[in-house]
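Colleague: Test case, fold it:
(chains A and B)
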2 protein chains.
Amino acid sequence: MSSSAESIAKNARLSGNILKTISNENRSSLLHKIHDGLKANTASIKQANQVDLQNALENKLADSLYKRLDLFKGDKFETMLVGIKDVAALDDPVGKVKLARELDEGLNLYQVTAPVGALLVIFESRPEVIANITSLAIKSGNAAILKGGKESVNTFREISRIINAVISENEGTSGIPSGVIQLIETRQDVSDLLQQDLYIDLVVPRGSNALVRQIKASTKIPVLGHADGICSIFLDKNADLEKAKRITIDAKTSYPAGCNAMETLLIDPEMPQWWLVLQNLTKVGNVKLHVTADVKSAYLSKLQESGNLTEQLQNSVVDADESIDFDKEFLSLDCAVKFVDSTEQAVVHINLHSSKHTDAIITEDQENAEYFMKGVDSSGVYWNASTRFADGFRYGFGTEVGISTSKIHARGPVGLDGLVSYQYQLRGNGQIASDYIGSGGSRAFVHKNLDVSKVQI
Amino acid sequence: MSSSAESIAKNARLSGNILKTISNENRSSLLHKIHDGLKANTASIKQANQVDLQNALENKLADSLYKRLDLFKGDKFETMLVGIKDVAALDDPVGKVKLARELDEGLNLYQVTAPVGALLVIFESRPEVIANITSLAIKSGNAAILKGGKESVNTFREISRIINAVISENEGTSGIPSGVIQLIETRQDVSDLLQQDLYIDLVVPRGSNALVRQIKASTKIPVLGHADGICSIFLDKNADLEKAKRITIDAKTSYPAGCNAMETLLIDPEMPQWWLVLQNLTKVGNVKLHVTADVKSAYLSKLQESGNLTEQLQNSVVDADESIDFDKEFLSLDCAVKFVDSTEQAVVHINLHSSKHTDAIITEDQENAEYFMKGVDSSGVYWNASTRFADGFRYGFGTEVGISTSKIHARGPVGLDGLVSYQYQLRGNGQIASDYIGSGGSRAFVHKNLDVSKVQI
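Modeller: The predicted structure is shown next:
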């Protein structure tokens, strides 16, 4: 274990402990100053970004990657700056009273939101993410250690230099130490920091599934993220055909690389004209269908009967490899297709094969819909809506930390709320436990809930 | 990895997925039937318990352990039975709407509490715990795999046999499969199950700190529990002497083996007559003080000046080993003592050395108290109250799953709430994401919060 990693992690912990005590006013005001600092240094950031772009050209990076690196493409830089002010303007996520209870006269218990502590945030090459994460961390009272993709290292360094200069200059008035934001640069630093579970409370990887999977496998620190997005749509026997067609096209084809895209289509064969949904996916969406044997024979014979069996449709049907295709995130215009005989069977399939991201039922039958939403064990359970709605912006969270497929803490699209936890404050005037019943005393607890909307602490 | 562990874990997952869909009425009614079944089989349970007690005698188990094993000592068995009905009577923790938001006309988002899934609960030898855990798991919609201490194996087996018989008999009416509660018996089973992170969502160890530490070190599954209880009390310079004396005696001596007992006492030497607190701890509480060099010389000279330096007091002072005593859970009438110069210093010390369980400040100064409660990063932050209040019963949670020192999900004393997480339900009528702004469409999101108290889903 590197001592440098330990000192970075400890610095984050100590700085976070101070940041935790700073008012929302000072945290937000610092974000405005960071905004101003970055704006005033547009020229030097642009220069650093040019170096990264030049290196990208020399290293023959893919065009799509090059576009991501370019911080001054269109209004990307201005959007980044506005984003900082937007986060500053959000409600304070820290210090919200979630529960208030009188334990006894003069002895009150409060459950109060509090920062998680020290974050390790790992992201890929979009240079604007560093400003985004900095804002979220400071706003939520968390210290953050940041590692960006190496392609943007010059841009990251310059932005980080400016952010840290602004924090240092304002430390006297804001009380916020510069250790709240630390940039690290090498993969070795990341490996070393992933061992610092004594000081780091949460790892937030923002990037490819491969990145998230690798991080989850190599740390004891809780990881907020999703390693896979295997989303299913189930066409119930009472599915509306038009809704089924529209939703499957949207879910599969509008952004196939998205983690909220449909990867598996489950069909109750009692749904009238179910084959038109498959036909539509291929004709309109150019989707390749990985089907089980029973789906294949039923589908092809339906196409034949109806005189619709074209070469395109025939070629778009391939045999599913059942041992892998229903556990696969295609991230392409491919979809695994299977028959299930009931909503119950659909739920069983999904709970065993989905990645607990988002799954939907298409049906006009309320009872089946309710069973599906109660039974499916995923962060999102949808009725007659596309899985593509699983997204922080669409949920109205303003800003998104990531999408979590964990079962605890934060699930689904995670806003600032995912960066806070809670603490219990107990405010007394000298009470001791042994005065109470159950611990040798005679006093009884009152245990009266107080109205949190009226509590002032 | 044993295939038996995999099949047990998978059975828990599948049974939990069914339990998840069962109404509170059916879950609670099954608990009443389990109560009746155990009551009707008192004789056979007593017989099994006698076998465990006989074995304990033969194996010369410690007296305190023997007492724990005895399920029919006093009203323990009746209390266990009443406990099952008490849990049945609690509010349903599942299906509570925490957030409701209109995304667009006819497209509503709900954040709804949901069971965590499949639990692995490991506890020691108290036989009554199995009924307690069974109630909590079924009430909260979670499947549970249970492992008790080997000393109570006969009692556990008999209770578990009856519970499973009742669940099986009622499966037809309740819909709850018997796989929701499974008993395992060997340590090897536990090791194998700790590898089943695909199927098991949360490990709940209830027992010694050594047990919890060992489990945390050997699994990727999140663990709800505390490996240490290093609680500190800080005497601010404006501490009230009487409060300081009462609270430190309660916190250190009323149950020294408790995880919420004080292990470290931090003192601002500007507190007038601080030495009387130490003197009181030894004279009234027979506490041995592990003190730093500056505390030792100041304390002994104060005792001498005041003519109070007795042999008992002199002998109760030992030199602290600073490299370990402030990170130590003594679990005995020992206490580490140190000077700190300010509330800020106290907070820094606690955040580096405490186990994030419960820490208290004694002061009449509101500003310092608020700083302490904002700055200390523990699940409980107390002002003028004993750390011994950190307990589910005292907090009014009715029943306690355990005390967590994690930073995420559930912190401090955890009631039924710690066994639920949440899911997002999205209810639409055919909406697709690409109709909306930001995804190629022109519709805008409404994002209007609905009053959760009026929402009916």
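Colleague: Can you pull out the residues in contact with stretch A:105-114?
Modeller: Residues outside stretch A:105-114 that contact it (C-beta atoms under 8 Å, 6 or more residues apart in numbering or on different chains): A:20, A:93-103, A:141, A:420-429, A:431, A:446, A:450, A:455, A:457, B:377, B:385, B:389, B:395-396. All C-beta atoms are positioned from the backbone trio N, CA, C, and that covers glycine.
Colleague: Inside strands: which ones of those?
Modeller: Those of the contacts of stretch A:105-114 mapping onto strands are A:97-103, A:420-429, A:431, B:385, per DSSP state E.
Colleague: A:S342 and A:I267: what is the separation?
Modeller: 12 Å (C-beta to C-beta, to the nearest Å).
Colleague: between these two, which one's more packed in?
Modeller: Taking other C-beta atoms under 10 Å in any protein chain shown, A:S342 and A:I267 do not tie; A:I267 has more neighbours (27 against 14).
Colleague: separation between the more buried one and chain B?
Modeller: 17 Å (C-beta to the nearest C-beta, to the nearest Å).
Colleague: Then A:P205?
Modeller: From A:P205 to chain B the distance is 16 Å (C-beta to the nearest C-beta).
Colleague: where does that residue land in three-state SS?
Modeller: Of the three states, A:P205 takes strand under DSSP: H, G, I helix; E, B strand; the rest coil.
Colleague: residue contacts, it?
Modeller: A:P205 sits in contact with A:V121, A:I122, A:F123, A:L211, A:V212, A:I215, A:V223, A:G225, A:G402, where contact means C-beta under 8 Å, 6+ apart.
Colleague: for A:A88, same thing?
Modeller: So A:A88 contacts A:S28, A:S29, A:L31, A:H32, A:H35, A:S135, A:K139 (C-beta under 8 Å, 6+ apart).
Colleague: average pLDDT across the helix or strand that contains it?
Modeller: Per DSSP states H and E, A:A88 falls inside helix A:76-89. For helix A:76-89, mean pLDDT rounds to 94.
Colleague: How far does that helix sit from its chain's centre?
Modeller: Averaging C-alpha positions (C-alpha atoms, centre = their mean, to the nearest Å) puts helix A:76-89 19 Å from its chain's average.
Colleague: Report how many residues lie close to A:S44.
Modeller: 14.
Colleague: With A:I437 instead?
Modeller: 11.
Colleague: That one - nearest residue in space that isn't next to it in sequence?
Modeller: Closest residue in space to A:I437, ignoring its immediate chain neighbours: A:A444 at 5.5 Å, by C-beta to C-beta, 6 or more residues apart in numbering or on different chains.
Colleague: separation between the one you found and chain B?
Modeller: According to C-beta to the nearest C-beta, A:A444 stands 11 Å off from chain B.
Colleague: next one: A:A298
Modeller: 25 Å.
Colleague: residue contacts, that residue?
Modeller: Contacts of A:A298 (C-beta under 8 Å, 6+ apart): A:P269, A:W275, A:F339.
Colleague: now A:A261
Modeller: If you count contacts by C-beta under 8 Å, 6+ apart, then A:A261 has A:G229, A:C231, A:A251, A:K252, A:S254, A:Y255, A:L331, A:T387, A:R388 around it.
Colleague: which helices and strands sit right next to the helix or strand of chain A with the lowest mean pLDDT?
Modeller: In chain A, the helix or strand scored least confidently by mean pLDDT, DSSP states H and E is helix A:209-217, which has a mean of 85. Using 3 or more C-beta pairs under 8 Å, 6 or more residues apart in numbering or on different chains; DSSP states H and E, the elements in contact with helix A:209-217 are strand A:202-206.
Colleague: could you redo the last one with a cut-off of 10 Å?
Modeller: Secondary-structure packing of helix A:209-217 (3 or more C-beta pairs under 10 Å, 6 or more residues apart in numbering or on different chains; DSSP states H and E): strand A:118-123, helix A:187-193, strand A:202-206.
Colleague: What number of residues are in the vicinity of A:A210?
Modeller: 9.
Colleague: what do you get for A:S125?
Modeller: 21.
Colleague: follow-up on the earlier one: now which of the contacts of A:A298 would you call buried?
Modeller: By neighbour count, with 16 or more other C-beta atoms under 10 Å in any protein chain shown, those hold A:W275, A:F339 as buried.
Colleague: Which of the residues in stretch A:43-58 are classified as buried?
Modeller: A:I45, A:A48, A:N49, A:D52, A:L53, A:N55, A:A56.
Colleague: Same list, these, but as CSV with pLDDT please.
Modeller: Putting the buried residues of stretch A:43-58 into CSV (pLDDT from 0 to 100) gives the following:
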residue, pLDDT
A:I45, 98
A:A48, 98
A:N49, 97
A:D52, 96
A:L53, 96
A:N55, 96
A:A56, 95
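Colleague: which of those lies closest to chain B?
Modeller: A:N49 (25.1 Å; C-beta to the nearest C-beta).
Colleague: For the closest one, which three-state class applies?
Modeller: A:N49 ends up helix, using three-state DSSP.
Colleague: Wait, it touches A:Y66, no?
Modeller: No. At 11.6 Å, A:N49 and A:Y66 do not qualify as touching, with contact defined as C-beta atoms under 10 Å.
Colleague: which residues touch the residue lying closest to A:L241 once chain neighbours are set aside?
Modeller: Among residues not flanking A:L241 along the chain, A:Q273 sits closest, at 5.6 Å (C-beta to C-beta, 6+ apart). For A:Q273, the contacting residues are A:A239, A:L241, A:A244, A:K245, A:Q279, A:K302, A:S306, by C-beta atoms under 10 Å, 6 or more residues apart in numbering or on different chains.
Colleague: filter those to the buried ones?
Modeller: A:A239, A:L241, A:A244, A:K245, A:Q279, A:K302.
Colleague: anything in contact with each of A:N49 and A:Y66?
Modeller: A:K73.
Colleague: Highest mean neighbour count out of the helices and strands packed on helix A:209-217?
Modeller: strand A:118-123 (a mean of 27; mean count of other C-beta atoms under 10 Å in any protein chain shown).
Colleague: The stretch 151-300 of chain A: helices as residue ranges?
Modeller: Applying DSSP state H, counting those that start in this stretch to the stretch 151-300 of chain A gives helices spanning A:153-169, A:171-174, A:187-193, A:209-217, A:241-253, A:275-285, A:293-305.
Colleague: Deepest-packed of these, please.
Modeller: helix A:241-253 (a mean of 23).
Colleague: could you give me the average pLDDT of it?
Modeller: 98.
Colleague: how long is stretch A:378-396 end to end?
Modeller: 20 Å (C-alpha to C-alpha, to the nearest Å).
Colleague: meant to ask about stretch A:279-296
Modeller: Per C-alpha to C-alpha, stretch A:279-296 runs 12 Å from first to last residue.
Colleague: pLDDT averaged over it - what is it?
Modeller: Stretch A:279-296 comes out at a mean pLDDT of 98.
Colleague: Stretch A:60-72 too?
Modeller: pLDDT averaged over stretch A:60-72 gives 90.
Colleague: Quick check, pLDDT for A:T405.
Modeller: 89.
Colleague: What does it show for phi and psi?
Modeller: phi -110, psi 20 (degrees, to the nearest 10).
Colleague: ok now do the nearest residue to it once chain neighbours are set aside, which residues does it touch?
Modeller: Nearest residue to A:T405 in three dimensions, chain neighbours excluded: A:H226, at 3.9 Å (C-beta to C-beta, 6+ apart). A:H226 makes contact with A:205, A:209, A:212-213, A:216, A:259-260, A:355-357, A:379, A:402-406, A:411-412, according to C-beta under 10 Å, 6+ apart.
Colleague: redo that, cut-off 6 Å
Modeller: Shown in contact with A:H226 (C-beta atoms under 6 Å, 6 or more residues apart in numbering or on different chains): A:C259, A:I403, A:T405.
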